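Engineer: Dropping a prediction and its sequence here:
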Amino acid sequence: MPDTNVDLSVTLAGMTMKNPVVVASGTFGFGREYGQFYDLGQLGGICAKGLTLNPREGNPAPRIAETPMGILNSVGLQNPGVDAVIAHELPELKKVFHKPVMANVSGFSVEEYAEVCARLDAQPQVGWLEVNISCPNVHGGGAAFGAEPSAAAEVTRAVRAVTKKPIILKLSPTAADIAAVAKACEDAGADGVSLINTLPGMRIDLARRRPLLANRTGGMSGPGMFPLAVRMVYQVYEAVRIPIVGMGGVTSAQDVLELMLAGATAVGVGAANLVEPYACKHIIETLPDAMARFGIDNLRDIIGGAHHG
């Protein structure tokens, strides 16, 4: 039997969560489908599928490829647009998940980020705004907003000006200095950062002698990313004072503890949900035993613990 005397709760940007496990964006749809499998109230939080100002069809198929220790995706931010999400997806999710939701926002200009966040600011169901700055800046040469500190700060300031909700900037592992980007976001008004997003990768179809994905490249996620995530969370923790949502290849309760020791306050679980729909449920249910095994009574006490002593 799991130890019921341990404290799993954490506070992320001023909001208390019953445990640190958050479903990462893009691996859970808008959440309601998974309500058929288990009680979503067990989750610490849900970060919904990424949304944009206007509807997007996404990239052509094939857009998913398996790879050793992970998966490549080039879905291309397929979503019905922010207004449809507000009108239909959030009310449906509310039927099976009765806590604040983390909305994931993408944009292709600073103005688009601000407009989407302004519309979500009026939604009481939305607790946090996760701002995905791995998107290309179509007005700035196509480089990702998260590639360098000044562009990341510009998005942060624009979003901060239109919402009172906590904003969490989702950082790209392709940045030359992810810690510097995180610090720039903090200085511009971010309430937290989340990392890491996917890394670009490719597979070749041997029969066709062409890239397997129609878009040629896709973002890699899965267990092979975990050591990279631990390293980057560790680096960012030393650069900022705002909370971190750590993610990248998490598959077990032990992974949650490791990322928290590196500096994460909450932990996102992504690709594992695509392999096993009950992944988050299992991780949460095994956390107390993992804590007991390593002499942990309160998860808040271990945040950043690998930096001390």
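Structural biologist: In hand now; what should we look at?
Engineer: Which parts of the stretch 51-200 of the chain are strands?
Structural biologist: 64-67, 70-73, 101-105, 126-132, 167-170, 192-195, 199-201 (DSSP state E, counting those that start in this stretch).
Engineer: Can I get those strands in TSV including distance to L12, mean pLDDT and mean neighbour count?
Structural biologist: All C-beta spots, glycine's among them, are computed from the backbone N, C-alpha and C. As requested, the strands of the stretch 51-200 of the chain are exported to TSV (distance: least, CB to CB, whole Å; pLDDT from 0 to 100; neighbours: other CB atoms under 10 Å):
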stretch	distance to L12	mean pLDDT	mean neighbour count
strand 64-67	30	94	15
strand 70-73	26	94	22
strand 101-105	9	97	26
strand 126-132	7	98	25
strand 167-170	8	98	28
strand 192-195	7	98	29
strand 199-201	25	94	17
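Engineer: would a markdown table of these with distance to E111 be doable?
Structural biologist: Below are the strands of the stretch 51-200 of the chain laid out as a markdown table (distance: least, CB to CB, whole Å):
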| stretch | distance to E111 |
| --- | --- |
| strand 64-67 | 31 |
| strand 70-73 | 27 |
| strand 101-105 | 13 |
| strand 126-132 | 14 |
| strand 167-170 | 16 |
| strand 192-195 | 22 |
| strand 199-201 | 26 |
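Engineer: most distant residue from the middle of this protein?
Structural biologist: Most distant from the centre of the chain: A207, at 35.1 Å, with distances by CA atoms, centre = their mean.
Engineer: Need the three-state assignment for that one.
Structural biologist: Secondary structure, DSSP: H, G, I helix; E, B strand; the rest coil: A207 is coil.
Engineer: quick one: the most centrally placed residue in the chain and A188, what's the gap?
Structural biologist: For the chain, the residue nearest the mean C-alpha position is A24 (4.4 Å; CA atoms, centre = their mean). Taking CB to CB, to the nearest Å as the measure, A24 falls 24 Å from A188.
Engineer: again with V10
Structural biologist: V10 sits 24 Å away from A188, going by CB to CB.
Engineer: Same check on A239?
Structural biologist: Relative to A188, A239 is positioned 14 Å away (CB to CB).
Engineer: Let me see the contact set for the residue nearest to the centre of the chain.
Structural biologist: 47, 247, 268-270, 273 (CB atoms under 8 Å, 6 or more residues apart in numbering).
Engineer: For it, grab phi and psi.
Structural biologist: Main-chain dihedrals, A24, degrees, to the nearest 10: phi -70, psi 150.
Engineer: in the sheet, who's paired with K170?
Structural biologist: Going by DSSP bridges, K170 is paired in beta bridges with N132, S194.
Engineer: Was I right to think it contacts S194?
Structural biologist: Yes - assessed by CB atoms under 8 Å, K170 is found in contact with S194 at 4.6 Å.
Engineer: Mutual contacts of these two, please.
Structural biologist: E130.
Engineer: where does the stretch 51-200 of the chain dip in pLDDT?
Structural biologist: Scanning the stretch 51-200 of the chain with the threshold set as pLDDT under 70 gives 136-142.
Engineer: Sketch out the helices for it, chain order is fine.
Structural biologist: For the stretch 51-200 of the chain, the helices defined by DSSP state H, counting those that start in this stretch occupy 82-84, 90-94, 110-121, 149-160, 178-187.
Engineer: Pull the contacting residues for T156.
Structural biologist: Each residue near T156 by CB under 8 Å, 6+ apart is listed here: 131, 167, 169, 184-185, 188-190.
Engineer: Phi first, then psi, for the closest residue to it other than its chain neighbours.
Structural biologist: Using CB to CB, 6 or more residues apart in numbering and skipping residues adjacent in sequence, the residue nearest T156 is A188, 3.7 Å away. Backbone torsions of A188, given as degrees, to the nearest 10, read phi -90, psi 0.
Engineer: Now do the contacts for A188.
Structural biologist: 152-154, 156-157, 160.
Engineer: C280 versus that one, what's the distance?
Structural biologist: Taking CB to CB, one finds A188 at 31 Å from C280.
Engineer: same deal with V105?
Structural biologist: Remark: distance between V105 and C280 (CB to CB) = 22 Å.
Engineer: do G76 as well
Structural biologist: Distance, G76 to C280, by CB to CB: 25 Å.
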